[in-house]
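**Q** my questions are about this predicted structure, shown below with the sequence.
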Amino acid sequence: MEPDRHRLVSRRQAIRGWLGTLVGTGLTGLLIPGAHAAFGRIKTVVIDPGHGGEDGGATEGRVFEKHLNFDVSRRLEIQLQRRGYRTVLTRTRDEFISLSQRSNIANRVRDSIFVSIHFNSARRTSAYGIETFYYSYDGYQLASRVHSAICRKLRPEDRGVKKGSYSVLRHTKTPAILVEGGFLTNSRERERCLQPWYRQALAESIAVGIDVFGGDVANGKI
Ligand SMILES: [Zn+2]
């Protein structure tokens, strides 16, 4: 679904959800504007390099998703620090960290957002492109800005901004997203993912999107 169309649908769902709650229909879990905890300035970005240690993530030949996730996370860290953000990585080396540990780390950091970095895989090897997941309303606001920045820079196959019931998104209380930076199961996209320029451009555009979100939060637009 295109991001703009998605936004319209989400807003309509949100209003319906709000009304539903009001009249006591018991509707919960819908996107409700203004229902987020008030936050001031975004000071810290918790970066979550997906997988690690015995969990390699998607694996194609000698390519391990965990290594690419970590590489993009480090590049993102540099970009964000240049823009004045503090950063926290959920893992700083190739080790196994459980999903609940990852969201626990995120939930301990004040004035923060959470960005999980992954690469994709599919049984259908023709599948390719970039998609960004969120779970909460605030997460959607962050996801749409980051995804737009990625698409502007990399012009990938745009698989859209999607609601995803991932553990790290559900259990993180701050605005949280998960970026799937390309399919390792697609040979052409895998070649791109293995190029340092691609991972650098991905990291730079994620940082741009985060900064747009941070600016909108600071200006009271979110
Ligand atoms: Zn993954």
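**A** Received, thanks.
**Q** what about residue 209, which SS state?
**A** At residue 209, secondary structure determined by DSSP: H, G, I helix; E, B strand; the rest coil is helix.
**Q** I'd say it and residue 153 touch.
**A** No - proximity of residue 209 to residue 153 does not meet the contact threshold set by CB atoms under 8 Å, at 9.5 Å. In this view, the C-beta of every residue, glycine as well, is placed from N, C-alpha and C.
**Q** isn't residue 149 right next to residue 202, touching?
**A** No - contact between residue 149 and residue 202 fails when scored by CB under 8 Å: they sit 10.1 Å apart.
**Q** picking up where we left off before, neighbour count winner among residue 209 and residue 153?
**A** More crowded of residue 209 and residue 153, by other CB atoms under 10 Å: residue 209, with 26 against 15.
**Q** and the pLDDT at the more buried one?
**A** pLDDT recorded at residue 209 is 98.
**Q** in contact with it, which residues?
**A** For residue 209, the contact set (CB atoms under 8 Å, 6 or more residues apart in numbering) comprises 142, 145-150.
**Q** for the chain, what lies in contact range of the ion?
**A** By CB under 5 Å from the ion, the part of the chain that sits against the ion consists of 50, 57, 118.
**Q** just put those residues in TSV and tack on secondary structure.
**A** TSV is the format used below for these (three-state DSSP):
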residue	secondary structure
50	coil
57	coil
118	strand
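**Q** out of the residues you listed, which is most surrounded?
**A** The residues of the chain next to the ion, ranked by neighbours (other CB under 10 Å): first place residue 50, 29 neighbours.
**Q** where's residue 87, which helix or strand?
**A** If you go by DSSP states H and E, residue 87 is part of strand 86-89.
**Q** tell me where the protein has strands.
**A** Per DSSP state E, the chain carries strands over the ranges 44-49, 59-60, 63-64, 86-89, 112-120, 130-134, 158-163, 176-183.
**Q** can you give me the buried ones in stretch 207-222?
**A** Judged by neighbour count (16 or more other CB atoms under 10 Å), stretch 207-222 contains these buried residues: 207-214, 217, 222.
**Q** now flag whichever of the residues of the chain next to the ion is closest to residue 97.
**A** residue 50 (9.9 Å; CB to CB).
**Q** can you pull the phi/psi pair for the closest one?
**A** Note on residue 50: its backbone torsions stand at phi -60, psi 150 [degrees, to the nearest 10].
**Q** run through the residues that contact it.
**A** Residues in contact with residue 50 (CB under 8 Å, 6+ apart) are 57, 65-66, 69, 116-119, 178.
**Q** same deal with residue 184?
**A** 58-60, 63, 65, 68, 119-121, 190, 193.
**Q** same thing but 6 Å
**A** Taking CB atoms under 6 Å, 6 or more residues apart in numbering, we find residue 184 in contact with 58, 60, 63, 119, 121, 190.
**Q** pLDDT value on it, please?
**A** pLDDT, residue 184: 98.
**Q** just the one 3 residues further on next, same as before
**A** You'll see residue 187 listed with a pLDDT of 96.
**Q** good, wrapping up.
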